[in-house]
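*Asks:* Quick one, structure for this:
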Amino acid sequence: MIQLNYRDSKPIYEQIKDGLRKLVISNSLSADEKLPSVRELAAKLAINPNTIQKAYRDLESEGYIYTVAGKGTFVAERKEVYDARAKELLTEFDEIVEELFFLSVKEKELVERMDNLAEGKVDQ
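*Replies:* Next up is the predicted model:
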């Protein structure tokens, strides 16, 4: 389900968040599907339950999952997930574009790159 890299500089809870986020976005986990409990996942990954709890709490605040008291944690509906992630990515995009402008990258070059990406062409 989730692969952890203990040599990675990224904190374990971030790796768990990224892994679960990718599973939700890729439709590997469907809407309203029950996630493993904090204790189950902690035991499976052999890590502290508090780490799982932090990842779940962050994903819930981002709109990827929701918790029902006494029932468990579930994957949120697609529209809510997509809206939350789009908002998050657009904020990051704005910050990156601002920095690119500061570095004197021209608007035309950015537009060309976006057009290429929209057509499925990837610049290296």
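*Asks:* Against which helices or strands is the least confident helix or strand in the chain by mean pLDDT packed?
*Replies:* Here the helix or strand of the chain ranked lowest by mean pLDDT, DSSP states H and E is helix 78-102, holding a mean of 86. Contacting helix 78-102 under the criterion 3 or more CB pairs under 8 Å, 6 or more residues apart in numbering; DSSP states H and E are the following elements: helix 12-25, helix 107-118. Bear in mind the C-beta positions are built from the backbone N, C-alpha and C, glycine included.
*Asks:* which outside residues touch that helix?
*Replies:* Identification of contacts with helix 78-102 by CB atoms under 8 Å, 6 or more residues apart in numbering yields 21, 24-25, 31, 62-64, 75, 107, 110.
*Asks:* Of those residues, grab the buried ones for ChimeraX.
*Replies:* Here the buried members of the contacts of helix 78-102 are turned into a ChimeraX selection, burial being counted by 16 or more other CB atoms under 10 Å:
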select :21,24,62,63,64,75
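*Asks:* Could you report the separation of D8 from Q53?
*Replies:* 20 Å (CB to CB, to the nearest Å).
*Asks:* neighbour-wise, which of these two wins?
*Replies:* Neighbour totals were compared for D8 and Q53, and Q53 leads with 15 against 10 (other CB atoms under 10 Å).
*Asks:* name the element that one belongs to?
*Replies:* Under DSSP states H and E, the secondary-structure element containing Q53 is helix 49-61.
*Asks:* Now find how far off-centre that helix is within its chain.
*Replies:* With CA atoms, centre = their mean, to the nearest Å as the basis, the distance from the averaged C-alpha position of helix 49-61 to the chain average is 13 Å.
*Asks:* Using PDB, write down the CA coordinates of that helix.
*Replies:* Coordinates of the C-alpha atoms in helix 49-61 are reproduced here as PDB (Å, rounded to 0.1, in the frame of the first residue of the first chain):
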ATOM      1  CA  PRO A  49       0.700   5.300  15.800                       C
ATOM      2  CA  ASN A  50       1.200   9.100  16.500                       C
ATOM      3  CA  THR A  51       2.900   9.300  13.100                       C
ATOM      4  CA  ILE A  52      -0.100   7.800  11.400                       C
ATOM      5  CA  GLN A  53      -2.500  10.000  13.400                       C
ATOM      6  CA  LYS A  54      -0.600  13.100  12.200                       C
ATOM      7  CA  ALA A  55      -0.800  12.000   8.600                       C
ATOM      8  CA  TYR A  56      -4.500  11.200   8.800                       C
ATOM      9  CA  ARG A  57      -5.200  14.500  10.600                       C
ATOM     10  CA  ASP A  58      -3.400  16.500   7.900                       C
ATOM     11  CA  LEU A  59      -5.100  14.600   5.100                       C
ATOM     12  CA  GLU A  60      -8.500  15.200   6.700                       C
ATOM     13  CA  SER A  61      -7.800  19.000   6.900                       C
END
